[in-house]
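Chemist: need a structure here:
(one chain, ligands or ions: 2)
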Amino acid sequence: MRLVGLTGGIASGKSTVSNLFKDAGVPVVDADVVARIVVKLDTGSHRASSKRLPRCGVRDEFVWIGFDIQSCDVIATLIPLVCDFGLIADVVRKGTGGWKKIVKAFGNDILLENGEIDRARLGQIVFSDPAKRQLLNRLLAPHISSGILWEIAKLWMKGCKVIILDVPLLFETKMDRWTNPVIVVWVDPEIQIQRLMSRDGCSEEQAQNRINAQLALDWKKSEADIVIDNSGSLDETKEQFREVLSKVSEPLTWKERLRSRDGLISVILCTAVGVLLAQKNLL
Ligand SMILES: CC(C)(COP(=O)(O)OP(=O)(O)OC[C@H]1O[C@@H](n2cnc3c(N)ncnc32)[C@H](O)[C@@H]1O)[C@@H](O)C(=O)NCCC(=O)NCCS
Ligand SMILES: Nc1ncnc2c1ncn2[C@@H]1O[C@H](COP(=O)(O)OP(=O)(O)OP(=O)(O)O)[C@@H](O)[C@H]1O
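Modeler: Ligands and ions are numbered 1, 2, ... in the order given. A predicted model of the protein is given here:
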């Protein structure tokens, strides 16, 4: 299995590029999506909200995190069994823990009427205060990394050979050690701030705070194996993407093959046959 890192700066165009990968049929694990799941409200235990929302079952949560049980032949039969015994539930229900930790640390003021986290409010707080941002990062990091690992595990079980890890803080969290190659989506700083302000409707100061919350994009560019310059038009980015796609779709190396599901199954089968043959010869 090949784990390809996709990163960049805020609003540099990671989602734009990861959508191109998805359109090309390459699976993407999106850390922002995982992070949203881990701060989701556990509707069953929330007390701050006046409205009681319907409780989601474990199976609803699989649908919620985009898990297509039907298409995963090997574990399709195992999942209901395991869920019923609560073994996987702990992993996918991390949202419960993340939500509780945030409310405990930041208070009920960061909650919306329905008890969900007010992301805009929390964003304002953490992007203007490095200490609070560090606190949030510390609280969520274990949930996000286990959420990402779980997403990778599901794709591995499906037999996916190339997986894109779209992680804005890939270098900051040292996750780049897991990935090869690392793609950095770079953008001219002036264009980055303009795109960020127009997408999020924020002031220049707020946009700059968000940019400053991450390692410098130029440094990330210098660490990249592949750079996509997204300062031009979408067509220009698509042009660069075609070359990148053919690069990441090159045949797997032996190491990558061994890390894939089919590679591991082959190794297990070969070992089992080898052991059987050796036993027969010894008898
Ligand atoms: C602060 C929050 C509530 C703001 O939510 P909002 O919906 O406004 O932004 P969204 O989640 O879409 O993130 C947008 C971008 O902000 C940047 N960003 C998000 N969190 C962080 C962070 N802790 N430090 C630096 N940059 C960050 C990323 O580039 C991300 O792509 C949210 O980003 C959050 O919960 N962040 C902490 C989780 C995290 O670290 N996510 C990044 C995953 S690697
Ligand atoms: N080549 C381009 N030309 C014009 N607009 C673009 C281009 N690429 C991206 N954009 C716009 O810039 C904004 C940021 O892009 P995108 O959301 O892909 O960035 P991102 O790196 O995923 O952001 P974040 O870090 O917040 O998740 C979006 O509004 C997007 O539509």
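
Chemist: When you work out contacts or count neighbours from here on, use the C-alpha atoms and nothing else.
Modeler: Fine.

Chemist: Count the neighbours of the residue in the stretch 101-250 of the chain positioned nearest to ligand 2 for me.
Modeler: With Cα to the nearest ligand atom, the shortest gap between the stretch 101-250 of the chain and ligand 2 falls at residue 234, namely 3.8 Å. Residue 234 has 12 neighbours, counted by other Cα atoms under 10 Å.

Chemist: From here on, call the first residue 231.
Modeler: Shifting the count to begin at 231 puts that one at residue 464.

Chemist: for it, phi and psi?
Modeler: With angles defined as degrees, to the nearest 10, residue 464 sits at phi -60, psi -40.

Chemist: Now do the same contact list for the most centrally placed residue in the chain.
Modeler: Nearest to the mean C-alpha position of the chain, by Cα atoms, centre = their mean, lies residue 261 at 2.5 Å. By Cα atoms under 8 Å, 6 or more residues apart in numbering, the contact list for residue 261 reads 374, 378, 395, 396, 397, 398.

Chemist: let's see 10 Å
Modeler: Contacts for residue 261 (Cα atoms under 10 Å, 6 or more residues apart in numbering) come out as 267, 374, 375, 377, 378, 381, 395, 396, 397, 398, 399, 400.

Chemist: Phi and psi next, for it.
Modeler: When read as degrees, to the nearest 10, the backbone of residue 261 gives phi -60, psi -30.

Chemist: Residue 479 now?
Modeler: Backbone geometry at residue 479, expressed as degrees, to the nearest 10, gives phi -90, psi 10.

Chemist: same question, residue 252
Modeler: Dihedral pair for residue 252: phi -60, psi -40, per degrees, to the nearest 10.

Chemist: Look at it and say how many residues are nearby.
Modeler: As a burial measure, residue 252 scores 12 neighbours (other Cα under 10 Å).

Chemist: For the residue lying closest to it once chain neighbours are set aside, name its beta-bridge partners.
Modeler: Once flanking residues are discounted, residue 252 sits nearest to residue 258: 6.6 Å by Cα to Cα, 6 or more residues apart in numbering. For residue 258, the beta-bridge partners under DSSP bridges are residue 394.

Chemist: need the contact list for residue 258.
Modeler: Going by Cα under 10 Å, 6+ apart, residue 258 touches 233-236, 248-249, 251-252, 381-382, 385, 392-396.
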